[in-house]
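Chemist: How does the following fold in three dimensions:
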Amino acid sequence: RWDMAKQKCLNSFMETGNETYTVGYNKDASLFCTGGLDRKLRVYDDETCKLVTEPGVPELGMESHGNRISAVMWSKVDPNILISG
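Modeler: I've put the predicted structure just below:
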């Protein structure tokens, strides 16, 4: 996170074993989702940077994307929907 007014880094974040290509925040900025080279989505708590969940639908064979993830965002209509590609 970056404080624009103070021009200061508030914290940094790295996913071990993944090249993170995209980050998207939910509407109230309490959660962020990452996507990248390892083809998995991960949702983190913004305050603690702790993993909340790894979205996927294993019973449908969709535990990860078929290729790297280059974009992720939360739906503006439903806060329970993540859009990625």
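Chemist: alpha carbons only for contacts and neighbour counts from here, please
Modeler: Noted.
Chemist: Let me see the contact set for the residue nearest to S30 when sequence neighbours are not counted.
Modeler: Once flanking residues are discounted, S30 sits nearest to D46: 5.2 Å by CA to CA, 6 or more residues apart in numbering. Contacts for D46 were tallied using CA atoms under 8 Å, 6 or more residues apart in numbering; they are 29-32.
Chemist: among these, which are in strands?
Modeler: If you go by DSSP state E, the contacts of D46 have 31-32 in strands.
Chemist: Could you report the distance from the residue nearest to S30 to R1?
Modeler: 9 Å (CA to CA, to the nearest Å).
Chemist: Same question for L31.
Modeler: From L31 across to R1, the span is 12 Å (CA to CA).
Chemist: More neighbours: which of those two?
Modeler: Taking L31 and R1 together and counting by other CA atoms under 10 Å, L31 has the greater number of neighbours (19 against 10).
Chemist: Which strand residues bridge the more buried one?
Modeler: D45 (DSSP bridges).
Chemist: ditto for the one 5 residues further on
Modeler: For G36, the residues forming beta bridges with it (DSSP bridges) are T20.
Chemist: Surely it and E19 touch.
Modeler: Yes. Between G36 and E19 there is a contact under CA atoms under 8 Å: 5.5 Å.
Chemist: And the strands in the chain?
Modeler: Ranges of strands within the chain are 2-3, 8-9, 20-25, 31-36, 42-45, 51-53, 72-74, 82-84, based on DSSP E.
Chemist: If I average pLDDT within each of those strands, which one is lowest?
Modeler: The minimum mean pLDDT among the strands of the chain belongs to strand 2-3 (a mean of 83).
Chemist: which helices and strands does it pack with?
Modeler: Packing contacts for strand 2-3, counted by 3 or more CA pairs under 8 Å, 6 or more residues apart in numbering; DSSP states H and E, involve strand 8-9.
Chemist: List only those of the contacts of D46 flagged as buried.
Modeler: 31-32 (16 or more other CA atoms under 10 Å).
Chemist: quick check, nearest of the contacts of D46 to G56?
Modeler: F32 (15.9 Å; CA to CA).
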